[in-house]
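**Q** show me how the following folds:
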Amino acid sequence: MLTDYHNHLERGTLTLDYLKQFTDEAARKGIEHFGISEHAYHFYQTKNILSNPWIEERRYYDMADYVRLFHEAWNAGIDVKMSIEMDYTPGKHDEMAQFIRAYDFDYVIGSIHWVDDFGIDLAEFRKEWDRRDIYDTYRKYFDQVVTLAESNLFDIIGHLDLVKIFKYVPEDEEFLLEQYDRATTALANCKTCVEISTAGLRKPVGELYPDPRLLQMCYDKGIPIVLSSDAHVPQDVGADYDKAVALAKKVGYTEIMTFSKGERKAVPLG
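**A** Numbering: from 1, shown residues only. As a prediction, this is how the structure comes out:
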């Protein structure tokens, strides 16, 4: 069994024709469980959760149109899960919970893209990495992983170590492993699964998310996984899944999670 639960329509249109390009690619690659998880910041309904100048330039969707698209797909016999990828925002737990409860999502992804006012994975902010203390950024990033887990609002945490995207990684391995340890300890005590994401292979870091040492900690602490490609174009659906499956099996995983209307079920890893 294979899943691809982290995918985006934002470079195209919220139309059945464009959605079908993604689901057709998933079918071609033998992915039985496929979902779309558009960035929540694109929607007017999340303005009270996260707002900054970069976000506001990209807020142009209405949730009514998004939900309508999935109903069109289901009525057309297309098997696609409805999800959202939320930017985890400290101090906005009540607002995030209210938004999540307002829609009948199959699952919800929580991700960390912002450390204070720093968009850690955005090309526009890349030079900030040279201006900031890398240890401070990493500590604050993993602080958010911990509180994301403790919120228990999310079914999946997206690209767990996204913070490495531009290859800025602390040289002190003990410090890094300490961050991994406290993150996985928090995740082991909540409902949130970890995705093995192939997106990192298409980024400057050139690696899967998460780091093998981090994934090994996930396995050792009993944290379930899903597989995701984080595709922003149809051809990236299921990209490099041979590498993701190989890593999962190498650290010991034999099962992945599937989701439907918030309920999760373990199935054998394909």
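**Q** can you tell me the closest non-neighbouring residue to Ala266?
**A** Nearest residue to Ala266, sequence neighbours excluded (Cβ to Cβ, 6 or more residues apart in numbering): Glu255, at 4.5 Å. All C-beta atoms are positioned from the backbone trio N, CA, C, and that covers glycine.
**Q** excluding covalently adjacent residues, which one is nearest to the most centrally placed residue in the chain?
**A** Residue closest to the average C-alpha location in the chain (Cα atoms, centre = their mean): Gly158, at 2.3 Å. Of all residues not flanking Gly158 in the chain, Ser111 sits nearest, at 3.6 Å (Cβ to Cβ, 6+ apart).
**Q** quick one, phi/psi of the one you found?
**A** Phi and psi for Ser111, reported as degrees, to the nearest 10, are phi -130, psi 160.
**Q** what do you get for Val194?
**A** Main-chain torsions, Val194, degrees, to the nearest 10: phi -110, psi 140.
**Q** how many other residues sit next to it?
**A** Look at Val194: counted by other Cβ atoms under 10 Å, it has 25 neighbours.
**Q** what's near enough to touch it?
**A** Ile156, Ile157, Leu160, Leu187, Pro210, Leu215, Cys218, Ile223, Pro224, Ile225, Val226 (Cβ atoms under 8 Å, 6 or more residues apart in numbering).
**Q** tell me which other helices or strands whichever helix in the chain runs longest touches.
**A** Taking DSSP state H as the criterion, the chain has its longest helix at helix 134-151. Judged by 3 or more Cβ pairs under 8 Å, 6 or more residues apart in numbering; DSSP states H and E, helix 134-151 is in contact with strand 114-115, strand 156-157, helix 173-188.
**Q** contacts only, for Pro234.
**A** Residues near Pro234 by Cβ under 8 Å, 6+ apart: Gln21, Phe22, Asp24, Glu25.
**Q** filter the residues you listed down to the buried ones.
**A** Gln21, Phe22, Glu25 (16 or more other Cβ atoms under 10 Å).
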